[in-house]
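Visitor: Just a sequence and a predicted model for now, questions to come.
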Amino acid sequence: MFDKFREECGVFGIFNHDEASRFIYLGLHALQHRGQESAGIVTDDEDQLQIQRIMGLVSEGFHEGVLHKLPGKSGIGHVRYSTAGASHLKNAQPFLVKYIHGQLAIAHNGNLVNAPGLKHRLEQEGSIFQSTMDTEVIVHLIARSLKSDLEGRIIDALFHVSGAYSLLFMEPGKMVGVRDPHGFRPLVLGKVDGSWVLASETTALALIDGEFVREIEPGEMVVISGDNELKSIRAFPQVENYSKCVFEQVYFARPDSFLFGASVYEVRKEMGRTLARESVVEADVVVPVPDSGVPAAIGYAEEAGIPFEMGLIRSHYIGRTFIEPSQSIRHFGVKLKLLPVPSIMKGKRVVVIDDSIVRSTTSRKIVKMLKEAGAKEVHVRISSPPTVAPCFYGIDTPTKGELVASSHTVEEICKHLTADSLEYLSLDGMIKATGSPKEDFCHACFSEEYPLPFPKNNS
């Protein structure tokens, strides 16, 4: 329904804790924003891995009866939105297999750009695939390795793949976390009650009263076994520049997370401040598009000296389906989720702040709603640059032709939105707000500068 990039996936693992399945449930709940399509948990119950996977939200599928079927002190979990592979239970993760070395579970956040070619070669050599996930390619490569231990087999397999991956593996008695050498997707290390935790974001640690220890470095593997023994392995060649996804800071990560060495909330506020410095406009009120536009709007309002108001109210009770009335209502889909506060809008010059414009359909409806609610002027400000290219590293994005900024000027988009003005944050301004150098980030969706090649027929 909404005109946004869709989240990727989230992973969570805990080793040697009496409440493993319940802590994984809580961790996945904290990461639910990263994927609402399916979820799964695998636990290690005395040298036997147990799995439960569901379609839909964590809170809907993992009730007490399901968690009771997941005994054991260690486990990994996953929330998913499909970036590679269709929406079916067979594609839900973690993926659990039995091979010559026993049971193995894997959970993956990211996307392998060379998976189609690898899968074709493996099938020609006799491999049989059970899903359409690119993650299964890694499983087949691990099964073919002649190395004696799991970490060796993982290293063997990952030398063949290219793309974005933050991975959790589990076999009885051992958990492994790996982040790709470019560092596209986040992965953090924490502790709770003396037990090690691996998660996509620090917000999952906060929910379980865990301690954030550090981020897993790009190209690093951590192996946890025995009595909470952890070792770090640097098995992959050092890349010249990292490619951390800057859109994590713009939109995907929760604002309460600490990501890539910075507070997401503070980075988004700074993006708003920078946006105000670059494109201030005379106005009476600054209004965010909730929830993702709120921190940037606060920063914009502070820098511009314009009052901040929650002039759009979001409904938090939207299910995955809803019943439409037989009588047509303009902007019905948007109104179901957002409604303006007329007393804030009436006769005002409004600056509305959002994090991005993808296809522009939702932004156009929001502008019309604000004007119908009485706004005298509506000035749209976006706290990221124009989105001109799709992502091939683990984010579900429209094709290039569907991205309005890829084929229209800012002036043309403004006219389409029926806004009084439209300005985006500059690429340099966005990067500066992160506090890290430009070379640390992948910003291909804004610049078309792709750090890794991908099959041309994907574009």
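Guide: Alright, I've got the coordinates.
Visitor: where in the stretch 1-150 of the chain is pLDDT low?
Guide: 1-7, 82-87 (pLDDT under 70).
Visitor: Now do the strands in it.
Guide: 9-14, 38-44, 49-55, 74-80, 95-99, 102-112 (DSSP state E, counting those that start in this stretch).
Visitor: Arrange these in JSON lines, one row each, with mean neighbour count and distance to Phe454 as further columns.
Guide: The C-beta positions use only the backbone N, C-alpha and C, and glycine is treated the same way. Shown next, in JSON lines, are the strands of the stretch 1-150 of the chain (neighbours: other Cβ atoms under 10 Å; distance: least, Cβ to Cβ, whole Å):
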{"stretch": "strand 9-14", "mean neighbour count": "30", "distance to Phe454": "19"}
{"stretch": "strand 38-44", "mean neighbour count": "28", "distance to Phe454": "25"}
{"stretch": "strand 49-55", "mean neighbour count": "19", "distance to Phe454": "29"}
{"stretch": "strand 74-80", "mean neighbour count": "31", "distance to Phe454": "21"}
{"stretch": "strand 95-99", "mean neighbour count": "16", "distance to Phe454": "23"}
{"stretch": "strand 102-112", "mean neighbour count": "25", "distance to Phe454": "9"}
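Visitor: can I get the ones you listed in CSV with distance to Ser315?
Guide: Formatted as CSV, the strands of the stretch 1-150 of the chain follow (distance: least, Cβ to Cβ, whole Å):
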stretch, distance to Ser315
strand 9-14, 24
strand 38-44, 23
strand 49-55, 23
strand 74-80, 22
strand 95-99, 35
strand 102-112, 29
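Visitor: Give the buried residues for stretch 63-71.
Guide: Of the residues in stretch 63-71, those buried by neighbour count under the rule 16 or more other Cβ atoms under 10 Å are 67, 70.
Visitor: Pull the distance from it to the chain's centre.
Guide: 27 Å (Cα atoms, centre = their mean, to the nearest Å).
Visitor: How about residues contacting it?
Guide: For stretch 63-71, contacts defined as Cβ atoms under 8 Å, 6 or more residues apart in numbering pick out 20-22, 25, 41, 43, 45, 50, 52, 54.
Visitor: Just the closest of those to Val404, please.
Guide: Ile54 (35.4 Å; Cβ to Cβ).
Visitor: Quick check: the gap between the closest one and Leu89.
Guide: 8 Å (Cβ to Cβ, to the nearest Å).
Visitor: Who are the contact partners of the nearest residue to Leu207 once chain neighbours are set aside?
Guide: Nearest in space to Leu207, with sequence neighbours left out and distances taken as Cβ to Cβ, 6 or more residues apart in numbering, is Ala30 at 4.3 Å. Going by Cβ under 8 Å, 6+ apart, Ala30 touches 201, 203-204, 206-207, 254.
Visitor: Report the secondary structure state of the residue nearest to Ile306 when sequence neighbours are not counted.
Guide: Using Cβ to Cβ, 6+ apart and skipping the chain neighbours, the partner closest in space to Ile306 is Val286 (5.0 Å). Assigned by DSSP: H, G, I helix; E, B strand; the rest coil, the conformation of Val286 is strand.
Visitor: cool, Val380 as well?
Guide: strand.
Visitor: That one contacts Asp354, correct?
Guide: Yes. Using Cβ atoms under 8 Å, Val380 is in contact with Asp354, at 7.3 Å.
Visitor: Now Val239: phi and psi?
Guide: phi -90, psi 160 (degrees, to the nearest 10).
Visitor: could you list every residue that touches the residue lying closest to Thr135 once chain neighbours are set aside?
Guide: Closest residue in space to Thr135, ignoring its immediate chain neighbours: His108 at 4.2 Å, by Cβ to Cβ, 6+ apart. His108 sits next to 9, 11, 78, 93, 133-135, 138, 165-167 when contact means Cβ under 8 Å, 6+ apart.
Visitor: Can you tell me which of those end up in helices?
Guide: Mapping those onto helices (DSSP state H) picks out 135, 138.
Visitor: Give the helix, strand or coil label for the residue lying farthest from the centre of the chain.
Guide: The centre of the chain is farthest from one residue, Gly347, which by Cα atoms, centre = their mean lies 38.2 Å away. When classified by three-state DSSP, Gly347 comes out as coil.
Visitor: Common neighbours of Val380 and Asp354, please.
Guide: Ser363.
Visitor: Mind checking which of the two has more residues around it?
Guide: Val380 (26 against 23; other Cβ atoms under 10 Å).
Visitor: residues contacting that one?
Guide: Applying Cβ under 8 Å, 6+ apart to Val380 gives the contacts 352, 354, 363, 367, 414, 417, 419, 421-423.
Visitor: of the residues you listed, buried ones?
Guide: 352, 354, 363, 367, 414, 417, 419, 421-423.
Visitor: In strands, which of the residues you listed appear?
Guide: 352, 354, 421-423 (DSSP state E).
Visitor: With pLDDT and distance to Lys269 as added columns, please give those in CSV.
Guide: Compiled in CSV, these are given as follows (pLDDT from 0 to 100; distance: Cβ to Cβ, whole Å):
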residue, pLDDT, distance to Lys269
Val352, 98, 17
Asp354, 97, 15
Ser421, 98, 22
Leu422, 98, 21
Glu423, 98, 18
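Visitor: between the residues you listed, which is nearest Gly226?
Guide: Closest approach between these and Gly226, by Cβ to Cβ: Asp354, at 48.8 Å.
Visitor: residues touching the closest one, list them.
Guide: Neighbours of Asp354 in contact, by Cβ under 8 Å, 6+ apart: 288-289, 292-293, 363, 366, 380-383.
Visitor: same question, His29
Guide: Contacts of His29 were listed using Cβ under 8 Å, 6+ apart, and they are 58-59, 207.
Visitor: same check, this time on Phe15
Guide: By Cβ under 8 Å, 6+ apart, Phe15 lies in contact with 73-74, 175, 195-197, 224, 228.
Visitor: In PyMOL, select just the buried ones from these.
Guide: Selection of the buried residues among these in PyMOL, burial being defined by 16+ other Cβ under 10 Å:
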select buried, resi 73+74+175+195+196+197+224
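Visitor: okay, the contacts of Phe15 in JSON lines with distance to Gly299 next?
Guide: Shown next, in JSON lines, are the contacts of Phe15 (distance: Cβ to Cβ, whole Å):
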{"residue": "Lys73", "distance to Gly299": "44"}
{"residue": "Ser74", "distance to Gly299": "41"}
{"residue": "Met175", "distance to Gly299": "39"}
{"residue": "Ser195", "distance to Gly299": "37"}
{"residue": "Trp196", "distance to Gly299": "36"}
{"residue": "Val197", "distance to Gly299": "31"}
{"residue": "Ile224", "distance to Gly299": "39"}
{"residue": "Asn228", "distance to Gly299": "41"}
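Visitor: That concludes my questions; thank you for your assistance.
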